[in-house]
Each structure stands twice: as C-alpha cells, then as structure tokens.
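> Here's my sequence, what's the structure:
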Amino acid sequence: SSNCNANCLGCSRADPFDELKLNPRILKNKFLDFDKFVEIIHAKKFQSVSEIQFCASIDDPLMHPRFLDMLDYVADNTNLHIIIHTNASLRNIEYWKKMATILQKTKYTLNFSVDGLQDTNHIYRRGTNFDKIMENAKAFIEAGGSPSWQWVVFPWNKHQIEEAKALAKSMGFRSFRERNDTALD
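Just a heads-up that it's a prediction; the model follows:
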C-alpha cells in the first residue's frame, strides 16, 4: 500500500520541504489488488524466489485492508518464507491473534520495529503508541506467535537497550536485534 500510520524521521514518505507533511509524490490510499498479488505470487519468473518480504519502506503492510488474506494465501499455497516489518502500532488484539494463527502454518519472521521504550520510541517512530505496540506484541505472542524486536540505535535511546532486551525476553520475543543508524546522529 501507500499508507502508514507513522511519520518517522527521514522517511521517504515525508515532504522534503516539511517533514511533518506527506511527500506529494506518494499517492495516498493505493493498495495492491489481491488478485494481482496472487498473479505475482504464481508468475513463472518468480518460481525460484524463496521468500516474500512485506518491508514497509513507504508504508506499513498492516495498513493493507487484505493483508491477513495475503498472508493466509501465501501460507496455504506456497513454501515462501514470509518476512514482515511493522511498527506494530496498528490494528487490535484480535487482528494480532489471527495473524499469529495464520503465520504458524508457515516459516516466517515478524519484525517489530520499536526504537525506544515508552519515553523514547515516539521520537523516531512519530505517530506510534508504545502501549499499543506492547499490547499487540502480547496478543501475538500469547496466540503462539514468535516475533523479533528490531531496534534502531540513536543517541536518545542507546541507554535503554539493555532494559529493552530484558523486556523483550520477558515478553517472549524470539530475538532482539540492534541496528545502528548514523543518519540522524
């Protein structure tokens, strides 16, 4: 899709002249048609592909109205490893429980992109809600899901890494991965 609930610093979705506004080149409310998605999945030229990534470079995949249908289709009809990156501040706990059930049918990696704790995550991931992210993670994990926590290290959150690792472990995250990003230092 072309939609995201966040307005992260440095995102290509931001207007280069006013980072609080959407880049006018990014069209709003554009979604890949489900039938076109199925067609792409089965295209002959993609038969040697082993994974499908829902990466969120200008969107959050969970913004797509049929995202769970897409995951379910891939899980039931392919051997693709599903990789998802999300800010995880979307949807309700029932959605996350359903996603956990779908993903348990296949090989997957679900990365929660959370770059701080309660008092710092919103600095980079503007527009997200830390409490909602933790609620969604809890629902996903309790439903049998096994997510990973991906943390971009910044000057304002690096002092929280060990605390976040402990939180991730106590909640049942599969892993905690740090990624250095010097663009905003």
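
> correct me, but residue 152 touches residue 181?
Yes: with contacts counted by CB atoms under 8 Å, residue 152 reaches residue 181, the gap being 4.7 Å. C-beta here means a position set from N, CA and C on the backbone, and glycine is covered the same way.

> With neighbour numbers in mind, choose between the two.
Neighbour count, other CB atoms under 10 Å: between residue 152 and residue 181, residue 152 has more, with 19 against 13.

> give the contact list for residue 65.
By CB atoms under 8 Å, 6 or more residues apart in numbering, the contact list for residue 65 reads residue 31.

> so it sits in a strand?
No: according to DSSP: H, G, I helix; E, B strand; the rest coil, the state of residue 65 is coil, so it is not within a strand.

> So it versus residue 35, what's the distance?
14 Å (CB to CB, to the nearest Å).

> same thing with residue 104?
Counting by CB to CB - residue 104 and residue 35 are separated by 26 Å.

> Please say which of the two ends up with more neighbours.
Here residue 104 and residue 35 are compared on neighbour count by other CB under 10 Å; more neighbours surround residue 104, at 13 against 8.

> In this structure, what residue spans correspond to helices?
34-41, 67-77, 93-103, 121-124, 130-142, 161-171 (DSSP state H).

> which of the residues in the last one are buried?
Buried residues in helix 161-171, counting neighbours by 16 or more other CB atoms under 10 Å, are found at 164, 165, 167, 168.

> Number of residues surrounding residue 100?
20.

> what's the pLDDT at the residue of the chain most remote from its centre?
Ranked by distance from the centre of the chain (CA atoms, centre = their mean), the top residue is residue 44, with 28.0 Å. We note a pLDDT of 81 for residue 44 in this prediction.

> start at 14 instead
Understood, numbering begins at 14; the last thing we discussed is residue 57.

> Quickly note the distance from it to residue 49.
In terms of CB to CB, residue 57 sits 16 Å off from residue 49.

> Could I get the buried residue list for stretch 76-89?
Quick answer for stretch 76-89 (16+ other CB under 10 Å): 76, 77, 80, 81, 83, 84, 85, 86, 87, 88.

> Can you get me the centre-to-centre distance for that stretch and its chain?
14 Å (CA atoms, centre = their mean, to the nearest Å).

> How about stretch 116-123?
14 Å.

> for the residue nearest the centre of the chain, what are its contacts?
Residue closest to the average C-alpha location in the chain (CA atoms, centre = their mean): residue 99, at 1.0 Å. Residues near residue 99 by CB under 8 Å, 6+ apart: 67, 69, 73, 74, 75, 123, 124, 125, 126.

> count of residues packed around the last one?
Burial measure for residue 126: 24 neighbouring residues, criterion other CB under 10 Å.

> That one and residue 82: what is the separation?
23 Å.
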